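> pasting the structure only:
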């Protein structure tokens, strides 16, 4: 094998799975709570799935209303605009506000929780730009 053992380790273990304590870290009950298969499969609260899919459900409702009012062309045009706007992104180490998506959804005039408490300059995790770009391009 010409690739060596370091490439085998890199291919088999993702860097996000390795914590500061190592691969053989025990389960931390204080931070993660008790483990059970039921907690991993089912939501912990009946409203959890609704809250998780809130934006998707709201978009479906808005598209259905738009279709009933203006016809099939209106939601199709809006969905094409959403796809075009989501494809445009900044480099992975720069914060992107996605202002165009907010304008299309009508959220540009609303002030929410994430607008005040989601300041990227105060983020605890800031990566090395070269490493993040190489990871996105698949070079790492």
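It's in. Since this is a predicted model, take the numbers as computed values, not measurements.

> mind showing which ranges of the protein have poor pLDDT?
In the prediction, the chain carries residues with pLDDT under 70 at positions 1-27, 36-40, 119-126.

> need the residue closest to the centroid of it.
With distances taken as Cα atoms, centre = their mean, the chain has residue 52 as the residue nearest its mean C-alpha position (11.9 Å).

> ok, that one to residue 45 distance?
The span separating residue 52 from residue 45 equals 11 Å under the rule Cβ to Cβ, to the nearest Å. To be clear about C-beta, it is placed using only N, CA and C from the backbone, and glycine gets the same treatment.

> and residue 63, by the same measure?
For residue 63, the distance to residue 45 equals 28 Å [Cβ to Cβ].

> which strands and helices sit next to the top helix by length along the chain?
Among all segments of the chain classified by DSSP state H, the helix with the greatest residue count is helix 54-70. In terms of contacts (3 or more Cβ pairs under 8 Å, 6 or more residues apart in numbering; DSSP states H and E), helix 54-70 is packed against helix 73-87.

> buried stuff in the helix it packs on?
By 16 or more other Cβ atoms under 10 Å, the buried positions in helix 73-87 come out as 75, 78, 85.

> check stretch 52-68 too.
Along stretch 52-68, the positions that meet the burial threshold by neighbour count (16+ other Cβ under 10 Å) are residue 66.
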